[in-house]
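Predicted model follows, preceded by the sequence.
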Amino acid sequence: MLLHKSTWIEIGQFLQRSRTVIIPIGSNEQHGPTGLLGTDWMCPEIIAVEAQKNADILVGPTFNIGMAQHHLGFPGTISLRPSTFIAAIGDWVRSLVGHGFDKILFLNGHGGNIATIEAAFSELYAEASFARRPAGFALKLVNWWDLEGVTDLAQRQFPVGHGSHATPSEIAVTQWAYPDSIKSAEYSPQIASTGPIREALDFRARFPDGRMGSDPALATVEKGGALVALAAQGLVKTVNAFSNEAKP
């Protein structure tokens, strides 16, 4: 079930049987010469939408702008400041909790978001802690590549040239969902270099075409489909376990 394609009456009915919601979250940033700018928000959205087709779970609208400041040297990248990101996550959570949701799972598609999402969770829990009251909700961060079996499958699919940014696994997921948007390019070197991540100009100088240790040419629609199917299964298991988590 998709929150943004539902009416308020339907969401009220859903709340009578479940108080868990999934929020895909990612980033709009460069992904090398062939990767779509929306890759990091598209991947969790694709997986969550696929998962809800065969399970009674609710998927909220995608939080599609995140922590991408180090990619701002590439046209099309949009980034938030950490303080803005934390504030926005807080307002999303407060809105959902106000309606009765008490388990909110953020399905993340961008490694650069992790620290700030966890900081946002800490801010929200701190509100309850300092007020000496129960929070009344639980938050969970899950990276889509950490869902059961997904990283192992990606390693088997791409034993060489997977890298850490503009990876063939994430490119393959978007190829499966958007085959009409598949791009091609000549890479030099075929597998990109690796190194530290700092500010935007430093990143652009170190990684001129935007890739980090990856060869996106290895991506295929078929490999993307296998990753999506496995990740969707893992997401349903994770959501069910989270929903059934016992209260102290």
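That came in fine, so what should we check first?

all contacts plus neighbour counts: C-alpha atoms, from now on.
Will do.

Help me confirm that residue 183 is found in a helix?
No - using DSSP: H, G, I helix; E, B strand; the rest coil, the secondary structure at residue 183 is coil, not a helix.

For the closest residue to it other than its chain neighbours, list the residues it contacts.
Leaving aside its sequence neighbours, residue 183 sits nearest to residue 34 (C-alpha to C-alpha, 6 or more residues apart in numbering; 5.0 Å). By C-alpha atoms under 8 Å, 6 or more residues apart in numbering, the residues touching residue 34 are 182-185, 216.

Serialize those to CSV and add fields for neighbour count and distance to residue 246.
Formatted as CSV, the contacts of residue 34 follow (neighbours: other C-alpha atoms under 10 Å; distance: C-alpha to C-alpha, whole Å):
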residue, neighbour count, distance to residue 246
182, 16, 44
183, 13, 46
184, 10, 49
185, 10, 50
216, 31, 42
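
With pLDDT and distance to residue 247 added, can I get these in CSV?
Formatted as CSV, the contacts of residue 34 follow (pLDDT from 0 to 100; distance: C-alpha to C-alpha, whole Å):
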residue, pLDDT, distance to residue 247
182, 97, 46
183, 95, 48
184, 94, 50
185, 95, 52
216, 97, 44
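
Between those residues, which sits nearest residue 129?
Closest to residue 129 out of the contacts of residue 34 is residue 216 (45.3 Å), distances taken as C-alpha to C-alpha.

surely the closest one meets residue 171?
Yes - if you go by C-alpha atoms under 8 Å, residue 216 and residue 171 touch, sitting 6.7 Å apart.

Give the intersection of the neighbour lists for those two.
Common neighbours of residue 216 and residue 171 (criterion: C-alpha under 8 Å, 6+ apart): residue 35.

Now do the contacts for residue 182.
Listed by C-alpha under 8 Å, 6+ apart, the contact set of residue 182 reads 34, 175.

Same question for residue 223.
157, 169, 172-173.

Farthest pair within the residues you listed?
Longest span within these, C-alpha to C-alpha: 157 and 173, 12.6 Å.

which one of these two has more residues nearby?
Neighbours per residue (other C-alpha atoms under 10 Å) separate residue 157 from residue 173, with residue 173 holding more: 27 against 18.
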